[in-house]
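1. Need coordinates for the following:
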Amino acid sequence: MTIVAGLASAAVLLASGAGYATAQHYGGQINHLDAFAGLSDRPADDGATNILVVGSDDRSGLTDDQKAELSVGFDDVGRNTDSMMLVHLGSDGSVGVVSIPRDSYVEIPGYSDADGVRHDATKQKINAAYAMGGAPLMVATVEHATGVRIDHYAELNFAGFVDIVSALGGVDVCAPTALKDTNSGLDIPPGRQTLDGRAGLAYVRARYFDPTSDIGRMKRQQAFLGSLFSKAVSPGVVLDPGKFNRFLESVLRSITTDPGLDTGALMALAQRARATSPSSVTFQTVPITGGENVDGVGAVVAWDKPKADWLFSQLRTEGALGDQPAAPAAPVVERAPADIEVQVYNGSGEVGSGSTAVADLTAAGYNVQGTAQPADGDVVAGTVIEYDPSYDISLRTLQASLPGATTKAMPGIGGVFRVVVGSTYAGVTPVTVAPPTVPASESPDPDVAPTLGPRPHTAADNICE
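-> A predicted model of the protein is given here:
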């Protein structure tokens, strides 16, 4: 969360003519760690600039009284990720912030621990990478999952976050209702208000009161970051030397970065960020399809692969992150998914793939029978639809939902289709049931395609809307 604020500070330094000597002075205060140690097989350097920002729940630097006041617990739980974001710097001066759900179910690459013991690749929640192998494994996991090269790394702990918010004199938020969360200590009334460092930390950490859990928390984190950015570049901070210097110093002493984010990099970031305004700072989240429980892992979320792949492709360019392109029209079918019974079998050889397909097909409206079952025989690459030839109209609906799947006729099995999930399974494509014929004057405009979602919000948006 701090990098955007740091970019704003660097931009003001450059714009105010503070110069290289001043940047050198401040740059010397940053703590460094080698977040890229031992990494190999990395994505190619594509010219884009992406920074992985990690919010750590490290409690170092806090006294017992401070831990109690901040409701962060007293036990030393080690270094775990409380949040993670990819910050993308567009060549036009724009900044795109992409939140990564910490429960994302991804492959963590093989690695060697501090004792030199080699660990094989494993499927886990993405935030487990940080606890298992620190910053280098966190970077490797994000790069492996997204195909996006990480150019810099920044980390902020609880104490640093509180310090930065306090240096700004608080950050404005707007709560639609009274918010109370016992675990984080959040307890605020409805409406617009300014949160100090303690309340701000509770606001971005709280998730147990929210039925959407981590998704709702990410939205609050994005809103808080946008509000923080707007305040950092406001005249009340920029034109007040005392407040500005307190803010800048708090940012630089609170973050830990890779050694590459040194004085020279700080000046380069300043040059790129000098034209940044709140309206060109956008926020979005890696799209997901839903959640499930995986044995030994717990509740996880799966990424919406087509939408996520598009977003990651944008991160590999130097352009701005804006609205997603119009989605292609959904295939039109004669029979609705709700009228089709499906039994899922996992033939991929990978634990959890069957459960993912069950969740996907259910979300698409299919009448899925029970849980996924193991498939007989060897592992299959492509997904297979086993069907009774008497149900050819329903088959066409399933084929539209599972493009690329092969079919296998099995006369006499009846109306329950069998979907054998292969190792290349990539999700379910939404379909549209053919509507009744309407007069031409009432037909929808064929040139207007649906979009994949609302536009990303920006740091300039009204926080109460």
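2. Every contact and neighbour count from this point should use C-alpha atoms.
-> Noted.
3. Over to G160. Which of the three states is it?
-> Recorded secondary structure, G160: helix (DSSP: H, G, I helix; E, B strand; the rest coil).
4. remind me which residues of the stretch 301-450 of the chain are low pLDDT?
-> For the stretch 301-450 of the chain, residues meeting the criterion pLDDT under 70 lie at 322-328, 435-450.
5. Let me see the ranges of the helices in the chain.
-> Under the criterion DSSP state H, the chain contains helices at 2-15, 19-27, 64-70, 128-146, 158-167, 197-205, 214-232, 235-238, 241-254, 263-273, 305-315, 353-363, 392-401.
6. And the pLDDT for the most centrally placed residue in the chain?
-> Per Cα atoms, centre = their mean, the C-alpha nearest to the average position across the chain is that of I100, at 1.8 Å. Looking at I100, its pLDDT reads 93.
7. residue contacts, S227?
-> Neighbouring residues of S227 by Cα atoms under 8 Å, 6 or more residues apart in numbering: 171-173, 459, 463.
8. Now tabulate these in a markdown table and tack on distance to N157.
-> A markdown table is the format used below for the contacts of S227 (distance: Cα to Cα, whole Å):
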| residue | distance to N157 |
| --- | --- |
| V171 | 18 |
| D172 | 21 |
| V173 | 21 |
| A459 | 23 |
| I463 | 25 |
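9. and of these, the nearest to S230?
-> Nearest to S230 among the contacts of S227: A459, at 6.3 Å, using Cα to Cα.
10. what's the nearest residue to that closest one if we skip its chain neighbours?
-> Nearest residue to A459 in three dimensions, chain neighbours excluded: G226, at 4.0 Å (Cα to Cα, 6 or more residues apart in numbering).
11. The one you found: how many residues sit nearby?
-> Neighbour count for G226, taken as other Cα atoms under 10 Å: 30.
12. Kindly report the same for T122.
-> Other residues close to T122 by other Cα under 10 Å number 11.
13. Can you give me the distance of it to T141?
-> 11 Å (Cα to Cα, to the nearest Å).
14. any shared contact partners between those two?
-> 107-109.
15. Nearest to D388, out of those residues: which one, please.
-> D388 lies nearest to E107 out of the shared contacts of T122 and T141, by Cα to Cα, at 36.5 Å.
16. residues touching the nearest residue to that closest one once chain neighbours are set aside, list them.
-> Excluding the flanking residues, the one nearest E107 by Cα to Cα, 6+ apart is K123, at 4.3 Å. Taking Cα under 8 Å, 6+ apart, we find K123 in contact with 105-108.
17. Just send those back as a markdown table, with distance to G347 too.
-> Shown next, in a markdown table, are the contacts of K123 (distance: Cα to Cα, whole Å):
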| residue | distance to G347 |
| --- | --- |
| Y105 | 19 |
| V106 | 19 |
| E107 | 19 |
| I108 | 22 |
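18. Reformat these as JSON lines; add neighbour count and distance to N50.
-> Converted to JSON lines, these look like this (neighbours: other Cα atoms under 10 Å; distance: Cα to Cα, whole Å):
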{"residue": "Y105", "neighbour count": "23", "distance to N50": "22"}
{"residue": "V106", "neighbour count": "22", "distance to N50": "20"}
{"residue": "E107", "neighbour count": "17", "distance to N50": "21"}
{"residue": "I108", "neighbour count": "24", "distance to N50": "20"}
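19. Which of those residues sits closest to T356?
-> Among the contacts of K123, and counting by Cα to Cα, the member closest to T356 is Y105, at 10.5 Å.
20. correct me, but the closest one touches Q124?
-> Yes: assessed by Cα atoms under 8 Å, Y105 is found in contact with Q124 at 5.5 Å.
21. From P109, how far out is A381?
-> From A381 to P109 the distance is 22 Å (Cα to Cα).
22. quick one, which of the helices of the chain is nearest to A426?
-> helix 305-315 (6.9 Å).
23. Name the residues of the closest one that are buried.
-> Within helix 305-315, the residues that qualify as buried are 305, 307-309, 311-312, 314-315, counting by 16 or more other Cα atoms under 10 Å.
24. can you list the residues that contact it?
-> If you take Cα under 8 Å, 6+ apart as the criterion, helix 305-315 is touched by 48, 50, 88, 146-148, 286-288, 320-321, 324, 426-427, 452.
25. redo that, cut-off 10 Å
-> The contact list for helix 305-315, computed with Cα atoms under 10 Å, 6 or more residues apart in numbering, reads 46, 48-50, 86-90, 96, 98, 145-149, 284-289, 303, 320-325, 327, 426-429, 452-453.
26. Repeat that for stretch 363-371.
-> 289-290, 336-345, 354-355, 357-362, 398, 401, 416-418, 428-431.
27. how about 6 Å then?
-> With contact meaning Cα atoms under 6 Å, 6 or more residues apart in numbering, stretch 363-371 is reached by 337-338, 340-343.
28. what distance separates that stretch from the centre of its chain?
-> Chain-centre distance of stretch 363-371: 27 Å, with Cα atoms, centre = their mean, to the nearest Å.
29. In it, which residues are buried?
-> Neighbour-count burial for stretch 363-371 [16+ other Cα under 10 Å]: 364, 366-368.
30. Can you check the distance spanned by that stretch, start to finish?
-> Per Cα to Cα, the first residue of stretch 363-371 is 14 Å away from its last.
31. and if you look at stretch 100-114?
-> Its start and end residues considered, stretch 100-114 measures 26 Å (Cα to Cα).
32. Show me what that stretch is in contact with.
-> Under Cα under 6 Å, 6+ apart, the answer for stretch 100-114 is 84-85, 118-127, 141, 286, 300-302.
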